[in-house]
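Student: Provided below for reference: sequence and predicted model.
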Amino acid sequence: MTKLGGKVVVVTAAGQGIGRASALAYAAAGAKVWATDINDEALASLKGEANIETSKLDVLDAGSVTAFFERIGAVDVLFNCAGVVHGGSVLEMTDKDLDFAFDLNVRAMVRTIRAVLPGMLERGDGTIINMASIASSSKGVPNRCAYGTTKAAVIGLTKAIAADYVTRGIRCNAICPGTVESPSLEQRMRAQGNYDEARAAFIARQPMGRLGSPEEIAELAVYLAGATYTTGQAVGIDGGWSI
Ligand code: NAD
């Protein structure tokens with residue numbers, strides 16, 4: 001089991017879903033965790049958990065990102081988990097959706113990485129984990145143009161950072177989940193009108209015949225934090241979707 005005793009870990013979008021499960025898993029591995037999210041109420045359920053401090057943080061707001069990282073000091077592990085899913089093909093997505101997807105799925109990662117990287121380089125040690133998806137350069141998924149485009153950019157960003165800093169003690173990897181149970185997935189299924197049909201369709205995409213759990217993805221996030229010979233990888237965890 002990966003041990004992260006004494007490491008300071010920051011997780012974005014830790015209020016629910018994969019981010020929340022990851023904050024708990026990092027804490028269980030002994031890390032001192034900063035669980036952050038734009039949604040204060042969602043973070044409240046983590047208050048009082050051992051090894052976890054919570055803080056409201058909107059990763060779209062450059063000033064808040066700078067102020068937060070200045071306030072907390074040295075960071076050993078950054079898990080950029082915040083992201084948004086837009087539906088639609090290239091003809092259906094709006095420029096506004098695409099801009100928003102780039103801002104939250106890609107530029108927000110650039111913001112947080114710029115905030116932690118100088119300190120990591122000074123110490124010659126640091127790990128960055130970026131949330132991508134199998135819907136990216138790994139796999140074309142129908143009706144997910146803005147999402148797949150921006151998650152492919154996350155993989156490009158991850159590899160660029162890994163290449164630039166591989167000799168300086170910095171590792172950077174991406175996680176590429178298939179379909180995972182989460183509040184936003186639940187919302188998307190309900191929004192489709194026939195919930196049971198929507199759920200069955202999501203499950204049918206997964207060769208294992210079930211959705212992933214946030215805890216399964218969190219295990220990989222913890223593993224990558226301690227995987228000292230792994231960098232520049234886009235690691236699939238998708239119930240066999242990309243076989
Ligand atoms: P979710 O979508 O249910 O929750 C997202 C969280 O992000 C919420 O707590 C929300 O408040 C927070 N958030 C939204 N905007 C924010 C902002 N500007 N700043 C900070 N926090 C903000 O969680 P999820 O489905 O587990 O998704 C988490 C990540 O995993 C996303 O990047 C998503 O694209 C990726 N992912 C999810 C799945 C899936 O099937 N659930 C699959 C592949 C990848």
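Tutor: Perfect, I can see it now. Everything numeric here is computed off the predicted structure, so don't read it as measured data.
Student: now residue 107. Its backbone dihedrals?
Tutor: Phi and psi for residue 107, reported as degrees, to the nearest 10, are phi -60, psi -30.
Student: separation between it and residue 154?
Tutor: Taking CB to CB, to the nearest Å as the measure, residue 107 falls 11 Å from residue 154. In this view, the C-beta of every residue, glycine as well, is placed from N, C-alpha and C.
Student: more crowded one of these two?
Tutor: residue 154 (24 against 17; other CB atoms under 10 Å).
Student: just the local confidence number for that one, please.
Tutor: With respect to pLDDT, residue 154 has a value of 99.
Student: give the helix, strand or coil label for it.
Tutor: Of the three states, residue 154 takes helix under DSSP: H, G, I helix; E, B strand; the rest coil.
Student: repeat for residue 174
Tutor: Under three-state DSSP, residue 174 comes out as strand.
Student: tell me how many other residues crowd it.
Tutor: Per other CB under 10 Å, the neighbour tally for residue 174 reads 28.
Student: please apply the same query to residue 164.
Tutor: By the criterion of other CB under 10 Å, residue 164 has 12 neighbours.
Student: what about whichever strand or helix holds it, near the ligand?
Tutor: According to DSSP states H and E, residue 164 maps onto helix 145-165. No: Helix 145-165 stays clear of the ligand (CB under 6 Å from any ligand atom), getting no nearer than 6.9 Å.
Student: over to stretch 115-122?
Tutor: No: Stretch 115-122 does not reach the ligand (CB under 6 Å from any ligand atom); its nearest approach is 13.8 Å.
Student: the residue nearest to residue 226 when sequence neighbours are not counted: what's it in contact with?
Tutor: Distance criterion CB to CB, 6 or more residues apart in numbering; nearest residue to residue 226, sequence neighbours excluded, is residue 2 at 3.7 Å. Taking CB atoms under 8 Å, 6 or more residues apart in numbering, we find residue 2 in contact with 29, 222, 223, 225, 226, 227.
Student: check contacts around residue 183.
Tutor: 16, 17 are the contacts of residue 183 under CB under 8 Å, 6+ apart.
Student: thinking again about what came up before, distance-wise, check the residue nearest to residue 226 relative to residue 170.
Tutor: From residue 2 to residue 170 the distance is 18 Å (CB to CB).
Student: from the ligand, how far out is the residue nearest the centre of the chain?
Tutor: With distances taken as CA atoms, centre = their mean, the chain has residue 81 as the residue nearest its mean C-alpha position (2.2 Å). To the ligand, residue 81 is 5 Å away according to CB to the nearest ligand atom, to the nearest Å.
Student: hang on, residue 27 packs against residue 48?
Tutor: No: the pair residue 27 and residue 48 does not pass the contact test of CB atoms under 8 Å, sitting 11.6 Å apart.
Student: who does the helix or strand residue 122 falls within touch, helix- and strand-wise?
Tutor: Element membership for residue 122, per DSSP H and E: helix 108-123. Packing partners of helix 108-123 (3 or more CB pairs under 8 Å, 6 or more residues apart in numbering; DSSP states H and E): helix 62-72, strand 77-80, strand 126-131, helix 145-165, strand 170-177.
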